[in-house]
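K.L.:
what follows is a predicted protein model with its sequence.
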Amino acid sequence: MSKQPLPLLQGTLDVLILKTLSRGPRHGYAIARWLEEATEDALQIEEGSLYPALYRMERRGWIEAEWGISELNRKAKFYRLTPAGRSQLDAETAQWESFTAAVSKVLLPAT
Amino acid sequence: MSPAAGPVRRFRSLLWKPGLDEEIADELAFHLEMRAREYAARGMAPAAARAAARRRFGDVSRVQAACSAIGGGRDRAQRRARWLAELGRDLRLAGRRLEERPAPTLLAALALAVGLAGAATAWQIARAVLRPLPFAEPSSLVRLRQVSPPGVEFAASVPDFVDWRRFCRAFAGVAAFEATEANLTGGEGAVEPPERVLAARATTSLLPLLGAQPLLGRGFPTAAAAGGGDRRVAVLSHALWRRRFGADPQVVGRILWLDGMPLRIAGVMPPGFEAPPGVGLWVPLVPRLIFSGGVREHHRLEVVARLRPGVSARQAAAELAAVAATASRFHPQTNQGWSTRVEALPAAWIGTRWTRRARLFLAAAALLWLLASATAANLLWARAIARQREIDLRAALGGGRGRIVRQLFAEGLLLASIGAAGGLLLTGSAAAVLRQAALGVPQLAALAAAAPAAAIPGLPRLDLGTAGLVLGLALLSSLVCGLGPALQAFRPGHTAARQSARLTTRRESRVRDALVVAELACATTLLVAAGLLIESYLRLDRADPGFDADHVLSMRLALNGDRYPPAERRALLRRLEADLNRLPGVAAAGFVSTAPLAAERPAEPFTLEPRAAGERELREATSVATGDRRSRDLAAEWRVVTPGCFRTLGLRRLAGRLLGPDDRDAERPVAVVDSTFSARAWPGANPLGRRLRRPAGGRELTVVGVVAQVRDVDLEAGARPVLFVPYEELPWRAMALVVRPAAGSPAPGAGPAASGRGAGGATAAGRAALAGAVRRQIAAFDPGLPVSSPRWLEVARRQEAAGPRLGSWLVALFAAAALGLAVSGVYATAAAAVAQRTPEIALRQALGAARGDVRRLVLGRGAALTLLGLMLGLGGSWLFSGLLAGLLFETPADQLGTYAGAALLLGGVALLASAFPARRAARVAPALALRRE
């Protein structure tokens, strides 16, 4: 709660959003909440960059948006993963895994 | 959110940008509210929660702006895709409609195609003629010509050129050339037939002076300038290289034969570089070594010079005047009273006649295109009226004006594409015809040298420029055409109620009527111009040149000064003439100083005004003092002839006698004049026995005979006085041989094939045989005598007439098309008017009007429009005839007969065209028409 949130590495916001949406369509606030909960608030999403990222990804065709009714019976814009987004997610996940594996080998040598 | 937000948002989302911002604002507002609730759920006060949420979010407006920018781009892309999809839909719809009622659109497209083809063809010709010459700094280039005391212009003589080069400091460089037609045969084993090309013998300074670097090779070797080195080289023009040598990059070093002399190719010039226009290749000329040597009275060199920077033409002219004065003093016999004229080069080479012709074509094509567009507009408008009901219905059902405009735009685009396709096809076929017509006309060399064999045979080959012009004009036309129907769709106060009224507003019918009147006026102008040009051409064709050009072969002969001193030349030529006349198959042979229709034109093969423009060394016009009491000077053309020449050329004796073999020994030298000379020098009096003298000296000549008017150069120019002098009097070095084959007997050596075919000069085989026989005879006489440029005079005559022929054909074609277009415009308007006024007509009939009255009503309107159009057109023709100035041969531009004829033709056909709708109107059954309301 009062832990200092970790800054996000560049470009990871997109893949995090994609992963979030892979679990089902969500609106922007829900995405932010889910990420906070999943990382136990270790990551604080800067909300000023969340929505531009969503719009950017929509333009790239990785996600698509649709207005729907939210839990509060209010209109909200829901985002959904597209097949193109899914393959992008897989690709970036694989990339992340190999990246972290390589870095870990250097930083965390087996004792 | 308010209940009305839904439909309000839907309406607003029709307009894109505000909708997007609304959406973003809503989305962010939702997020903030959710966050605020989250905080409130944790125990904060609502106001504090909202504030905290906002704080956490950050700068809302910045985020909003960022999202708006990104989203806007996406929306633009979406919008574009949607717009294109709708356009596609509109085009498909237009296509379907076209299938239902193809007539109006196809006719309109045809009209457009005709107008476009005309414009493109005229543009191609104009571009070929008015090509800017690719010289470095053309504004400082000038041409120098000598002017005889009476004011006749000539080329320069070799000593003149040398003087100018040595003494004039106003020029950065001076160069000279003489252009002649020669026979070119290709390299070893070449299969192409020999062709005649324009060859320019030029000083080595010419090409560098004009600022051109060879594309291939190094050009003339510098040693050639000093007279040393290998002078048997040639530099090719780009067009010749492409045409004859297939643009072979290894062409440098190959051999070609020019008039039988082998030359090594030393270079190729860049495309478009032609000095003079139409030249095929350049050969070095070393002024002091050409065989006429330093003779001052042989004017054969075209001289061009470049002014030094900062020096004006006037300063140069002053220097030249000083040189001329010196020459006049030191060489009074040849240069007394001569001056030099300086003129700007590029304009001088194109020549005014062809410039005028090009302008005429452009103007005529512009008229035709306007006419075509107006006709197409009329046709489409007529169709739009017919579809008025449908358009009104669509508008009433909420189609929206925007959609209708887009629909009309799509239809216009379809029309433009069909019209452009048709136009390109027509232009392509016309281009092929043009290329044929352009052969042998130096001004149109660019056309004849067009692209080699098409990649896809059959498909018209057009360059990008022409194609672009066609497409551009098509688009323009279709926009204009679309205006009519668009206006129709947007008539004021158009509601469902007006469906029944079908009233035409005054304004619309006035615009349509104006279109028809404009069409008729354009057509009248074109018809008058065509009539004048056709008449001019017919007169030119029938004009009597005073000699018989059919079946006459001419060749150039040069009696080299070293081998044939003047005393021997007379005897030689006499013997040669006798030998040639005895040749079987030859009816007559003779020598003349300039062959008629001499191909050896000066560098501008396009004469400006009638003048003996320093044509060659072979012709000289100077003043003649006519003796007797009135010592008047008359500028005349000289021909030095042998007696056989009269019979060969078929000159007709009018009075006295012709020159004969006896005249050679006469103590008093004689001469023969033509009727023009006689009329000008001694109007009304008997010329026989009169005496003439050249101011430059020489013996006095007595006139012993008169021949019919001779016009053997530039028939289009006026008649000039011609004087025939016996060769004994002026034994010139270079003469032209003229030979007339005997009719009915084959030429020697022609073989059995030619024997049965009549005149030895009538078949190609016969002609070749004759030329060969003549050459052999000359060679037998003296093997070292250079003979060149064999030509048949009819060919030259045809080429002479090429310009007027092309002019009259093209404009006549335009006029015919214009007639068709105007008449269909009249018909379309009349038919549309009748269709629109059917209820009115029915009403009239129901109220008792007779059929004849109705017919008169429609016809009367048609007649009024026609009359107005004709009057405007005749007035316009009178203005247009300014463009015809200088192009008409013995035909006045304001000839009443032509105007009247055109008016009658067009008026008659137009009235006929409006008669059909009139008849149809009269047959309208009143009850039926009224019921349709």
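P.N.:
Everything's here; your move.

K.L.:
when you work out contacts or count neighbours from here on, use the C-alpha atoms and nothing else.
P.N.:
OK.

K.L.:
in the stretch 651-800 of chain B, which residue sits closest to chain A?
P.N.:
B:Q799 (68.3 Å; Cα to the nearest Cα).

K.L.:
check which element follows the helix or strand where that residue lies along the chain.
P.N.:
For B:Q799, the enclosing helix or strand under DSSP states H and E is helix B:793-800. Per DSSP H and E, the first helix or strand lying C-terminal to helix B:793-800 is helix B:802-846.

K.L.:
mean confidence (pLDDT) on that following helix, please.
P.N.:
For helix B:802-846, the mean per-residue pLDDT is 84.

K.L.:
and the angle from that helix to helix B:793-800?
P.N.:
50 degrees (axes from the mean of the first three to the mean of the last three Cα atoms, to 10 degrees).

K.L.:
could you say what helices and strands helix B:802-846 packs with?
P.N.:
On a contact count with 3 or more Cα pairs under 8 Å, 6 or more residues apart in numbering or on different chains; DSSP states H and E, helix B:802-846 meets helix B:102-129, helix B:352-386, helix B:401-438, helix B:506-542, helix B:851-880, helix B:896-922, helix B:926-931.

K.L.:
what does chain A have sitting close to chain B?
P.N.:
Applying Cα under 8 Å from any Cα of the partner chain, we find that chain A lies next to chain B at A:28-29, A:46-49, A:51-52, A:55-56, A:59, A:76-77.

K.L.:
one more time with 6 Å, if that's ok
P.N.:
Residues of chain A found near chain B (Cα under 6 Å from any Cα of the partner chain) are A:Y29, A:E47, A:G48, A:P52, A:R59.

K.L.:
among the residues you listed, the buried ones, what's the ChimeraX command?
P.N.:
Listed next is the ChimeraX selection for buried residues among the residues of chain A next to chain B, using 16 or more other Cα atoms under 10 Å in any protein chain shown:
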select /A:29,47,48,52,59
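
K.L.:
could you list which of the residues of chain A next to chain B belong to helices?
P.N.:
A:Y29, A:E47, A:G48, A:P52, A:R59 (DSSP state H).

K.L.:
can I get these in CSV with pLDDT?
P.N.:
Below are those laid out as CSV (pLDDT from 0 to 100):
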residue, pLDDT
A:Y29, 90
A:E47, 80
A:G48, 81
A:P52, 89
A:R59, 85
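
K.L.:
run a quick neighbour tally on B:G465.
P.N.:
12 (other Cα atoms under 10 Å in any protein chain shown).

K.L.:
let me see the mean pLDDT of the helix or strand containing B:A347.
P.N.:
Assigned by DSSP H and E, B:A347 falls within helix B:345-350. Averaged across helix B:345-350, pLDDT comes to 74.

K.L.:
quick one: secondary structure of B:N686?
P.N.:
coil (DSSP: H, G, I helix; E, B strand; the rest coil).

K.L.:
likewise for B:P277?
P.N.:
coil.

K.L.:
least trustworthy helix or strand in chain B by mean pLDDT?
P.N.:
Least confident helix or strand of chain B, by mean pLDDT, DSSP states H and E, is strand B:621-625 with a mean of 38.

K.L.:
which residues does the helix ranked longest in chain A contact?
P.N.:
Secondary structure assigned by DSSP H gives helix A:83-107 as the longest helix of chain A. Outside helix A:83-107, the residues that touch it by Cα atoms under 6 Å, 6 or more residues apart in numbering or on different chains are A:W62.

K.L.:
can you spell out which helices and strands pack onto the helix or strand hosting B:F591?
P.N.:
B:F591 belongs to strand B:586-592 when assigned by DSSP H and E. With contacts taken as 3 or more Cα pairs under 6 Å, 6 or more residues apart in numbering or on different chains; DSSP states H and E, strand B:586-592 sits against strand B:633-641, helix B:644-649, strand B:734-741.

K.L.:
for it, what is the average pLDDT?
P.N.:
89.

K.L.:
can you show me the CA trace of that strand as PDB?
P.N.:
Extracted in PDB, the C-alpha atoms of strand B:586-592 (Å, rounded to 0.1, in the frame of the first residue of the first chain):
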ATOM      1  CA  VAL B 586      15.900  10.000-122.300                       C
ATOM      2  CA  ALA B 587      13.500  12.400-123.900                       C
ATOM      3  CA  ALA B 588      15.400  15.500-122.900                       C
ATOM      4  CA  ALA B 589      18.200  16.600-120.600                       C
ATOM      5  CA  GLY B 590      19.600  19.900-119.600                       C
ATOM      6  CA  PHE B 591      21.400  21.800-116.900                       C
ATOM      7  CA  VAL B 592      20.100  24.600-114.800                       C
END
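
K.L.:
contacts for that strand, please.
P.N.:
B:581, B:640-642, B:644-645, B:648, B:735-742.

K.L.:
that older thread, which neighbouring elements make contact with the helix holding B:A347?
P.N.:
Partner elements for helix B:345-350 (3+ Cα pairs under 6 Å, 6+ apart): strand B:141-147.

K.L.:
go with 10 Å
P.N.:
For helix B:345-350, the packing partners by 3 or more Cα pairs under 10 Å, 6 or more residues apart in numbering or on different chains; DSSP states H and E come out as strand B:141-147, strand B:299-307.

K.L.:
please identify the deepest-packed of the ones you listed.
P.N.:
strand B:299-307 (a mean of 25; mean count of other Cα atoms under 10 Å in any protein chain shown).

K.L.:
partner strands of the lengthiest strand in chain B, with direction?
P.N.:
Longest strand of chain B, by residue count under DSSP state E: strand B:171-185. In the sheet containing strand B:171-185, its partner strands are strand B:195-202 (antiparallel), strand B:255-258 (antiparallel), strand B:299-307 (antiparallel), by DSSP bridges.

K.L.:
can I get the helices and strands packed on strand B:586-592 in JSON lines including mean neighbour count, distance to chain A and mean pLDDT?
P.N.:
Formatted as JSON lines, the helices and strands packed on strand B:586-592 follow (neighbours: other Cα atoms under 10 Å in any protein chain shown; distance: least, Cα to the nearest Cα, whole Å; pLDDT from 0 to 100):
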{"stretch": "strand B:633-641", "mean neighbour count": "23", "distance to chain A": "85", "mean pLDDT": "71"}
{"stretch": "helix B:644-649", "mean neighbour count": "23", "distance to chain A": "87", "mean pLDDT": "90"}
{"stretch": "strand B:734-741", "mean neighbour count": "26", "distance to chain A": "83", "mean pLDDT": "85"}
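
K.L.:
turn these into CSV, including distance to B:R435.
P.N.:
Shown next, in CSV, are these (distance: least, Cα to Cα, whole Å):
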stretch, distance to B:R435
strand B:633-641, 35
helix B:644-649, 32
strand B:734-741, 31
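
K.L.:
and the ones you listed: which comes nearest B:L785?
P.N.:
Closest to B:L785 of the helices and strands packed on strand B:586-592, according to Cα to Cα: strand B:734-741, at 10.9 Å.

K.L.:
summarise which helices and strands the closest one is packed against.
P.N.:
strand B:553-558, helix B:566-582, strand B:586-592, strand B:633-641, helix B:644-649, helix B:764-781, strand B:787-792.
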